[in-house]
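Asker: Got a predicted structure here, sequence first:
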Amino acid sequence: MSLLRIFGPLSELEKAMDVIIDVFHQYSRREGDRDTLTKKELKLLIDKQLANYLKHVKSKATIDQIMKDLDVNKDAQLSFGEVMLLVTRVTCATHEHLHEVEDHQHQHQHQHHH
């Protein structure tokens with residue numbers, strides 16, 4: 001069920017939220033509980049949906065480590081809330097990375113002017 005069908009036209013941010021929910025469900029419905037991710041589903045989601053962004057996360061942990069970190073209630077399944085912790089961390093790390101790249105380019109431009 002898309003948020004669009006419930007609320008009508010969505011803002012940019014609401015569309016982004018809708019996409020996150022939608023993507024989670026694309027993977028959570030593959031096996032086991034329909035509203036949680038197994039380790040296999042998580043691996044698939046990361047491989048297909050976070051390949052670029054996870055490159056910038058300095059400590060690119062193994063799937064086992066990511067699963068252990070996120071699985072707060074230790075049931076070997078990840079709820080939407082638990083997966084959002086990963087999305088939040090990766091988004092914050094990517095935001096930092098963008099600033100680092102901008103700063104680097106900025107310094108580089110200044111060197112050329114002297």
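Answerer: Okay, I see it.
Asker: quick one, what contacts the residue minimising distance to the centre of the chain?
Answerer: Geometric centre of the chain, nearest residue: residue 87, 3.0 Å, by CA atoms, centre = their mean. For residue 87, the contacting residues are residue 20, by CB atoms under 8 Å, 6 or more residues apart in numbering. Glycine gets a C-beta too; all of them are placed from N, C-alpha and C.
Asker: Could you pull out the buried residues of whichever helix or strand it is part of?
Answerer: Assigned by DSSP states H and E, residue 87 belongs to helix 80-113. Neighbour counts over helix 80-113 (16 or more other CB atoms under 10 Å) mark 82, 83, 84, 86, 87, 90, 93, 94 as buried.
Asker: re earlier: report pLDDT for the residue nearest to the centre of the chain.
Answerer: Residue 87 carries a pLDDT value of 94.
Asker: Surely residue 10 touches residue 3?
Answerer: Yes. Using CB atoms under 8 Å, residue 10 makes contact with residue 3 at a distance of 6.2 Å.
Asker: one step back: just name the closest of the buried residues of helix 80-113 to residue 16, please.
Answerer: Set against residue 16, the nearest of these by CB to CB is residue 87 (10.4 Å).
Asker: Look up how far residue 47 lies from that closest one.
Answerer: Here residue 87 is placed at a distance of 15 Å from residue 47 (CB to CB, to the nearest Å).
Asker: Next: residue 16.
Answerer: If you go by CB to CB, the gap between residue 16 and residue 47 works out to 21 Å.
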